[in-house]
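*Asks:* Show me how the following folds:
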Amino acid sequence: MAFRNFRLQVFFRIAGLTGTILLTVYLLSATSLYATAAMAASAVVVQLVLLIRFVERTNVDLTRFLEAITYADFSQTFIAKGKGSTFD
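*Replies:* Sure, this is the predicted structure:
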């Protein structure tokens, strides 16, 4: 992703998810475009899965890092590519 900061990535993912949910609600309540609403609803599911995978991947990386420190395992390498200065 082009954004270099974890917070911005999460913010934009949640903003996109919110926009897609609002679009789905609008399509279901104000129009008769049910196929388009179904596609927007599937986009909501995909965005939700991708957001969860992104956050879980970050949590796994942090857990591995902390366990490496706990067990003095200095053979592991960690790359915080694209996560921002907090993870550096």
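
*Asks:* Kindly list the longest helix within this protein.
*Replies:* Ordering each helix of the chain by length in residues (DSSP state H) puts helix 34-70 first.

*Asks:* And that one, how far out from the chain middle?
*Replies:* Distance of helix 34-70 from the chain centroid (CA atoms, centre = their mean, to the nearest Å) equals 5 Å.

*Asks:* In contact with the residue nearest to the spatial centre of the chain, which residues?
*Replies:* Taking CA atoms, centre = their mean, the centroid of the chain lies closest to L51, which sits 2.6 Å from it. By CB atoms under 8 Å, 6 or more residues apart in numbering, L51 lies in contact with V10, R13, I14, L17. C-betas here are computed from N, CA, C, even on glycine.

*Asks:* which SSE is I14 in?
*Replies:* Taking DSSP states H and E as the criterion, I14 maps to helix 6-30.

*Asks:* buried set for that helix?
*Replies:* F6, Q9, R13, L17, T20, I21, L23, T24, L27, L28 (16 or more other CB atoms under 10 Å).

*Asks:* So which other helices or strands are in contact with it?
*Replies:* helix 34-70 (3 or more CB pairs under 8 Å, 6 or more residues apart in numbering; DSSP states H and E).

*Asks:* thinking L23 is in contact with A40, fair?
*Replies:* Yes. Applying CB atoms under 8 Å as the test, L23 and A40 come out as touching, 5.2 Å apart.

*Asks:* before we move on, the earlier item: relative to helix 6-30, how tilted is the longest helix of the chain?
*Replies:* Orientation note: helix 34-70 sits at an angle of 160 degrees relative to helix 6-30 (axes from the mean of the first three to the mean of the last three CA atoms, to 10 degrees).

*Asks:* So for helix 34-70, mean pLDDT?
*Replies:* For helix 34-70, the mean per-residue pLDDT is 91.

*Asks:* just to revisit the earlier point, least confident pick among the contacts of L51?
*Replies:* Per-residue pLDDT puts V10 lowest of the contacts of L51, at 91.
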